[in-house]
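K.L.:
coords please:
(chains A, B and C)
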Amino acid sequence: MLLRSQRPKSLPKKARSNSGFSSFSQLAFALTLSELARLADGDIVRGGLDLSLTGVASLDAAGPAEISFLGNEKYRSQLATTQAGAVIAARGETGGPETTALIVVENPSLAFGAIVKHFAAASKEFEPGIHPRAFVDEGAVLDPAQVRVHPGAVVLAGARIGNGTEIGPNAVIGEHVVIGENCRIMANVTLRERCVLGNRVILQPGAVIGSDGYGYEFSNGRHVKIDQVGIVEIGDDVEIGANTTIDRARFGKTQIGEGCKIDNLVQIGHNVVVGKHCLIISQSGIAGSSKLEDYVTAAAQVGIVGHVTVGSKAILTARTGVTADLPGGEMYAGKPAQPMREEMKMQVQLRRLAKLVDRVKALEKAINS
Amino acid sequence: MLLRSQRPKSLPKKARSNSGFSSFSQLAFALTLSELARLADGDIVRGGLDLSLTGVASLDAAGPAEISFLGNEKYRSQLATTQAGAVIAARGETGGPETTALIVVENPSLAFGAIVKHFAAASKEFEPGIHPRAFVDEGAVLDPAQVRVHPGAVVLAGARIGNGTEIGPNAVIGEHVVIGENCRIMANVTLRERCVLGNRVILQPGAVIGSDGYGYEFSNGRHVKIDQVGIVEIGDDVEIGANTTIDRARFGKTQIGEGCKIDNLVQIGHNVVVGKHCLIISQSGIAGSSKLEDYVTAAAQVGIVGHVTVGSKAILTARTGVTADLPGGEMYAGKPAQPMREEMKMQVQLRRLAKLVDRVKALEKAINS
Amino acid sequence: MLLRSQRPKSLPKKARSNSGFSSFSQLAFALTLSELARLADGDIVRGGLDLSLTGVASLDAAGPAEISFLGNEKYRSQLATTQAGAVIAARGETGGPETTALIVVENPSLAFGAIVKHFAAASKEFEPGIHPRAFVDEGAVLDPAQVRVHPGAVVLAGARIGNGTEIGPNAVIGEHVVIGENCRIMANVTLRERCVLGNRVILQPGAVIGSDGYGYEFSNGRHVKIDQVGIVEIGDDVEIGANTTIDRARFGKTQIGEGCKIDNLVQIGHNVVVGKHCLIISQSGIAGSSKLEDYVTAAAQVGIVGHVTVGSKAILTARTGVTADLPGGEMYAGKPAQPMREEMKMQVQLRRLAKLVDRVKALEKAINS
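P.N.:
Numbering: from 1, shown residues only, chains lettered A, B, ... in the order given. Predicted structure coming up:
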């Protein structure tokens, strides 16, 4: 790559105007090993208390000033040869090079998350203000001293935005949308009219909330659009992935319960009700009026037909095709969905089908002779 | 949720400027029961003619001022206990509480759609004008007294926009794009250069029309891009879902026929020809140069390989994988696709495979002894 | 379609302002047959050297001033009846109407690509400048005489943009993003903070690069977000399709190797490593931390679970479901993935399952009697 390593000495005026709040903060705040142990809520097994650590990396990539972790036994072989300055691992761990400090914790993955959060914090400081290149309709309701609206964002009349919330560049907030506090609406998101978001909701870039449901009546050889006048209602602490689409209800609400985490490129149809704390992973689709009870997991590329219910704590493994109601508390696979162990048995038999055919041939031969 | 219940007494000047046309209209226009019957083209079985109704809701959620309907027998149990002020149902219906008015019609779903349309109408009134925060190139061709361009929208040189058409906030209309009359291009849509839309076309937010087709030649160990200089042509009355992508032709046209309804997150490859009045449901994909004849239905998550034809009125059930030409007028399933009844038979046998293995074992035992 | 055929005589002032650089260039540069042969690196079999050709089209659509080609035997029947002025075909070809000129080349598809490139070139001429309706933060690093930023684009502080690069209308370039030279970032793209692009990278409209990876820890009945502080790094000559999403690494990098071509609506999870020159076709998804070695092809709607490796030059046919490491150099199909020939054999047996059941029944009858 050939990139400019120097900022041009002068930029034309148009490139200079309207800067404002976008200052940059250093990502790395150095930690000593003892600070690290405190932050990770762990114990130091090995290493000097004053060791200085300035960032995070994977076991195979980390250098002497970086912290890494062993959270998955798959990476154990990398522990022996890591050059990380410090490693976080599960209680009982003693491995790794003598030159690498070792901290043990209950849950290495979670502890490492806290460390990452420390290094990430600076990049997230909230600075309120409406950028002069944003458009906020005078009929929108927000406190410019408590809300941040980035350049190019459009906030239409009647929209109400809670304190601590950030509206990303070129995002569009439709008329009479209600957004709670401390939400993060990222770049190029579309929130159509009247949709309602709780607090601490995160919408990744390009997500579309409140598109029309897919509803037509067939009449005289043509599909006639059925108006979709409902809304989408999203609970507290929900996160929605990039370019995911959630359709508004025909009337009433499409609902996403508190604490749900929805991945990228997921499709949620009109009038779907997703319970609390569900996980819906990438490229899954849920057709109109279906219901997920609480704590359902839908792994990637799952499909759920319309008008069915998936019970609480059901786990739909990747690419499960749900065509009827499913009881909760069970792991499912296949299309049509069946309990995971049935599907696995079936897959094994399927792969032995050639042998079964041979056995039947042998039997036929034996009978005939 | 803790939301501001009061509009701040004063907003800083920057938040006030450039309002313009985004006034809010009440969603609900009260209807009397007799007006409702006329609008629904139905007969009153029960209820007072002067009953006033102000909105719509589902059977289980509706209150005494709201209209609901029974369009699917699945919800029959809710009819007995509904608190709706009025219910629309199929001719012959007599159920529901005595306190709930009852109107009977030919097609309750369609009739209810008309009612919903009534309540929705106010939110859709067309107010022309180019918002001062929109950018319309001076080389674009449109009548600002007949077209509405929302804030943040970009309309480039040579684009021609028909009367009654609305360009949503932050949508991008490329050079020399042609858009017909009474279209609704929603927020954050991208219409790339030279694509052509008919009349009354609706593009839901985030849709991309005219992205480059996926075409490369392999040469000296590298994939070399083949220029994609064709366009996308979309017929009258087509609707295209949120974040759906339709690639421009390598040369010539990718075509979407009149009256097609395409759902969210669908992918249409370059040079695909979709006939008239097709339904293509969420997360389906059609690879390059394939052809759908008229009135084809592709249910959700269908995949169609390149260079094949699907015949008129074929129905591809959810997740069908089409790998060869398919005659029309038939319902298909599975991958590779086969007639639905074959696939269902196969799926039944598949789920009995364990038993078949046992039967073969028993036969082997019988033969050996 | 009823479209205005005349540009309105006067546009209101607001529609006139800020035009700038968006002039239109003719697509068609007439070629003579001899120029065409030189451009195609081919030999003239038939036709007058001075024949003038002004555009390209398919065999069945081309007229006497247009060039077409035969690149796929499937279209041979169209060769006999084409009205094209000239056709490019493989060496040895002699068919087609006497009135149609014929040029033969090694690779008709590739040669035709060069011709298309000629006609397309005018639409791509690079005109630098920052549009007055773009927002470029004063802390961004770029040379306005060498970079083009379209109206509505937002370039935030610390972003560095190489010469010859174009930032499309309403695209968002996050803080400290690094973009190489001669890149084409199209409309409504989102590039989140700190991501890094090589040279000659093309991002189709609506692509999202650097969205947060999907990572949560379950704690006290809730899914707690794990900060995703890594980036996405994209090599030289990569193209990424419309509305495709690529998540940033939890820490470290999600990597897309040099020369990869990724289609529309693809999902790439956090910490995925895609080698050089891979092809990933529409609606495929790759879960977190998986690795594709060089020259892997993933056809449409493929799914790859997390933490696995697909070996170099592996071909995953459409809708393959990868659940474990796969060696390279092999063609795979099915879910779970198996070598293509195994899957095809299995599919054949599956479709004969009804007959196998009948055979077992016959055996049982024979044994019992």
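K.L.:
can you list contacts of stretch A:107-120?
P.N.:
Contact partners of stretch A:107-120, identified using Cβ atoms under 8 Å, 6 or more residues apart in numbering or on different chains, comprise A:27-29, A:31, A:36, A:39-42, A:55-56, A:67, A:69-72, A:88-90, A:103, A:105, C:217, C:219, C:224, C:226-227, C:229, C:250-251. The way it works is simple: take the backbone N, C-alpha and C, and place the C-beta from them, glycine included.
K.L.:
quick one: which of those sit in helices?
P.N.:
Counting by DSSP state H, the part of the contacts of stretch A:107-120 found in helices is A:36, A:39-40.
K.L.:
list the buried ones in stretch A:201-209?
P.N.:
Going by neighbour count (16 or more other Cβ atoms under 10 Å in any protein chain shown), the buried part of stretch A:201-209 is A:201-209.
K.L.:
export the residues you listed to CSV and tack on secondary structure, pLDDT and distance to B:Leu142?
P.N.:
Formatted as CSV, the buried residues of stretch A:201-209 follow (DSSP: H, G, I helix; E, B strand; the rest coil; pLDDT from 0 to 100; distance: Cβ to Cβ, whole Å):
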residue, secondary structure, pLDDT, distance to B:Leu142
A:Val201, coil, 98, 37
A:Ile202, strand, 98, 37
A:Leu203, strand, 98, 32
A:Gln204, coil, 98, 34
A:Pro205, coil, 98, 30
A:Gly206, coil, 98, 27
A:Ala207, coil, 98, 30
A:Val208, strand, 98, 26
A:Ile209, strand, 98, 29
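K.L.:
within reach of chain C, which of those are there?
P.N.:
A:202, A:204-206 (Cβ under 8 Å from any Cβ of the partner chain).
K.L.:
just the closest of those residues to chain B, please.
P.N.:
Distance to chain B across these (Cβ to the nearest Cβ) is lowest for A:Gly206, with 6.1 Å.
K.L.:
list the contacts of that closest one.
P.N.:
A:187-189, A:242-243, B:188, B:206, B:243, C:188, C:190, C:206, C:208, C:243, C:245.
K.L.:
again, only using 7 Å
P.N.:
Counting by Cβ atoms under 7 Å, 6 or more residues apart in numbering or on different chains, A:Gly206 touches A:188-189, A:242-243, B:206, B:243, C:190, C:206, C:208, C:243.
K.L.:
then A:Ala299?
P.N.:
By Cβ under 7 Å, 6+ apart, A:Ala299 lies in contact with A:281, A:316-318.
K.L.:
tell me which two of these sit farthest apart.
P.N.:
Spanning the widest gap among the contacts of A:Ala299 are A:Ile281 and A:Thr317, at 10.2 Å by Cβ to Cβ.
K.L.:
neighbour count for those two, which is higher?
P.N.:
Under the neighbour definition other Cβ atoms under 10 Å in any protein chain shown, A:Ile281 and A:Thr317 were set side by side, and A:Ile281 has more, 24 against 20.
K.L.:
my guess is the more buried one contacts A:Ala300, does it?
P.N.:
Yes - taking Cβ atoms under 7 Å as the definition, A:Ile281 is a contact partner of A:Ala300 at 4.5 Å.
K.L.:
dihedrals phi and psi, the spatially closest residue to A:Ala90 that is not a sequence neighbour?
P.N.:
Leaving aside its sequence neighbours, A:Ala90 sits nearest to A:Pro108 (Cβ to Cβ, 6 or more residues apart in numbering or on different chains; 5.4 Å). With angles defined as degrees, to the nearest 10, A:Pro108 sits at phi -60, psi -40.
K.L.:
same check, this time on A:Gln78
P.N.:
Backbone torsions of A:Gln78, given as degrees, to the nearest 10, read phi -80, psi -20.
K.L.:
please enumerate the helices of chain A.
P.N.:
Under the criterion DSSP H, chain A contains helices at A:13-16, A:33-40, A:76-81, A:108-121, A:340-351, A:353-368.
K.L.:
before we move on, the earlier item: and the contacts of A:Gly206, which of them are in strands?
P.N.:
Among those, DSSP state E puts C:190, C:208 in strands.
K.L.:
just the buried residues from the contacts of A:Gly206, in PyMOL please.
P.N.:
Typed into PyMOL, the line below selects the buried ones among the contacts of A:Gly206, using 16+ other Cβ under 10 Å:
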select buried, (chain A and resi 188+189+242+243) or (chain B and resi 206+243) or (chain C and resi 190+206+208+243)
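K.L.:
which residues of chain A score low on pLDDT?
P.N.:
Scanning chain A for pLDDT under 70 picks out A:1-29, A:121-125.
K.L.:
again, 90 this time
P.N.:
Residues of chain A meeting the criterion pLDDT under 90: A:1-32, A:48-66, A:72-74, A:113-127, A:226-227, A:229-230, A:250-252, A:354, A:367-369.
K.L.:
dump the residue contacts of the spatially most central residue of chain A.
P.N.:
Closest to where the C-alpha atoms of chain A average out (Cα atoms, centre = their mean) is A:Asp263, at 4.3 Å. By Cβ under 7 Å, 6+ apart, the contact list for A:Asp263 reads A:241, A:280-282, C:214.
K.L.:
with respect to B:Asn368, which of the ones next to chain C among the buried residues of stretch A:201-209 is nearest?
P.N.:
Out of these, the member with the shortest distance to B:Asn368 (by Cβ to Cβ) is A:Gln204, at 62.8 Å.
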